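Q: Turn this into a structure:
(one chain, ligands or ions: 2)
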Amino acid sequence: MSEKKTAAVSIDGLTKVFRGALARESVVAVKELSLEVAPGEVYGLIGPNGSGKSTTMKVLLGLIRPSAGRTAIFGVDSTRVESRRQVGFLPENPYFYRHLTGRETLQFYGRLCGVGRGALRARIDELLELVELGHAARRPLRGYSKGMLQRIGLAQALVQEPRLVVLDEPTAGVDPAGSRKIRDLILELKQRGIAVVLSSHLLEQVQEVCDRVGIIFNGSMVQEGRLEDLISIENQTEIILKNASADLLERIRDLAEGADAEFVKMGQPRTTLESLFLRETEGREE
Ligand SMILES: Nc1ncnc2c1ncn2[C@@H]1O[C@H](COP(=O)(O)OP(=O)(O)O)[C@@H](O)[C@H]1O
Ligand SMILES: [Mg+2]
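A: Numbers count the residues shown, from 1 in each chain. Ligands and ions are numbered 1, 2, ... in the order given. I've put the predicted structure just below:
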C-alpha cells in the first residue's frame with residue numbers, strides 16, 4: 001500500500017439512471033462522473049437545477065445505488081453501512097419536527113446517531129455556540145428563519161463529529177447575511193480539518209469558501225479545478241492603487257502603451273451588491 005492519504009470522497013465513473021415505466025421515460029441523472037476530495041478540503045459541486053448534484057450526493061451517502069461506477073467515503077464503499085460513520089449530511093430542504101426546540105432537535109439526532117447522553121450535552125452546547133443559536137435553543141423550530149433552520153441543520157450534521165460533511169444547497173433561499181454566516185461556518189469547519197462537499201446552483205455563493213469546484217451539467221463534469229484558476233483571466237494583470245494622482249495614472253498609462261501592453265481599463269473598483277448590502281445592514285438584524 002502507498003503512503004498516500006485516503007481520499008475523504010472518491011467518486012469513480014459514477015452513472016445513475018432513473019428507470020421510468022417506458023424506456024423513453026428513463027433519466028440519466030449522472031453520467032460517468034469522477035472526482036476526489038482530500039481530507040480537510042472544501043469542494044463545491046456547481047451546476048444548474050437538474051444537473052445531477054443531489055443525485056451524486058445521495059449515491060455518495062448510500063441513500064440510492066449507482067447504476068455504474070463506485071463511490072467511497074474515506075476508502076469505504078458507500079454501499080457499506082460503515083461508510084456513514086464519519087459523515088454528516090444536510091439535505092436540500094431538510095425536514096425537521098417544527099414543534100421541537102433547537103436543543104431538542106440536536107438531542108434527537110444525537111441519540112439517533114448513538115452519541116452517549118453525557119457527551120451529547122456538552123456537544124450540543126458547543127454546537128449551539130458554533131452555529132450562533134444559543135439564544136434560540138429553547139424556541140421551537142417553527143419560529144426559526146430559513147437561515148436559522150439551515151444552521152440548526154448544519155449543527156445536526158455535526159453532532160456525531162464527522163470528518164466529512166455533505167451540504168446540499170446550504171445557502172439556497174437564505175438572505176445575504178444568513179448566507180454569510182453559513183459560509184463563515186464552512187470556513188470554521190475547514191479550520192477544524194473537516195472535509196466539506198457542498199452543492200450550489202449559484203457560483204457566487206461558493207466562491208469564497210471552496211478550495212476546488214467541479215462544474216456539472218446534464219450529469220457530466222464539464223470543468224474542474226481551483227476556483228482562482230477557473231475564473232482568472234490569464235493574460236491580464238490588475239493593479240490597485242490608493243491615492244494615485246491623475247498625473248501618476250497618466251504616466252502609468254503611457255508606460256504601459258510604450259511597452260506594447262494594451263491598456264484595457266482604469267477606474268474605481270466596484271464592490272459587489274452583496275457586500276454593499278451586508279455593510280449597510282450590519283448590526284441591524286435580529
Ligand atoms: N427519484 C428520481 N426519479 C426520477 N428522476 C429523478 C429522480 N431524482 C432526480 N431525478 C432527475 O435526475 C436529474 C438530476 O436531478 P438532481 O440530482 O436532483 O439535480 P440537482 O440536484 O443538480 O438539481 C433531474 O432531471 C431529475 O429530474
Ligand atoms: Mg439538488
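Q: doesn't I64 make contact with K58?
A: Yes. If you go by Cβ atoms under 8 Å, K58 and I64 touch, sitting 4.7 Å apart. Every C-beta, even on glycine, is put in place using the N, C-alpha and C of the backbone.
Q: neighbour-wise, which of those two wins?
A: Remark: of K58 and I64, K58 carries more neighbours, 21 against 16, as counted by other Cβ atoms under 10 Å.
Q: residues from the stretch 1-150 of the chain in reach of ligand 2?
A: 53-54, 92 (Cβ under 5 Å from the ion).
Q: cutoff 8 Å now
A: Contacts of the stretch 1-150 of the chain with ligand 2, taken as Cβ under 8 Å from the ion, map to 49-50, 53-55, 57, 92.
Q: Redo these as a markdown table? Include distance to S34, neighbour count and pLDDT.
A: As requested, these are exported to a markdown table (distance: Cβ to Cβ, whole Å; neighbours: other Cβ atoms under 10 Å; pLDDT from 0 to 100):
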| residue | distance to S34 | neighbour count | pLDDT |
| --- | --- | --- | --- |
| N49 | 22 | 8 | 92 |
| G50 | 20 | 14 | 94 |
| K53 | 15 | 27 | 97 |
| S54 | 18 | 20 | 97 |
| T55 | 15 | 21 | 98 |
| M57 | 15 | 24 | 98 |
| E92 | 23 | 13 | 91 |
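Q: Of those, which belong to helices?
A: Among these, the members found in helices (DSSP state H) are 53-55, 57.
Q: Give me every residue in the stretch 1-150 of the chain that's in contact range of ligand 1.
A: Contact residues (Cβ under 6 Å from any ligand atom) of the stretch 1-150 of the chain with ligand 1: 18, 27, 29, 47, 49-55.
Q: again, only this time at 8 Å
A: Contact residues, the stretch 1-150 of the chain versus ligand 1 (Cβ under 8 Å from any ligand atom): 16, 18, 20, 27, 29-30, 47-58, 64, 92.
Q: Contact partners for V28?
A: For V28, the contacting residues are 15-17, 219, by Cβ atoms under 8 Å, 6 or more residues apart in numbering.
Q: I should have written G44 there, sorry.
A: For G44, the contact set (Cβ under 8 Å, 6+ apart) comprises 198-200, 206, 209-210, 212-214, 227.
Q: Check Y43 too.
A: With contacts defined as Cβ under 8 Å, 6+ apart, the neighbours of Y43 are 9, 35, 37, 195-198, 210-214.
Q: taking those residues one by one, which sit in strands?
A: Among those, DSSP state E puts 9, 35, 37, 195-198, 212-214 in strands.
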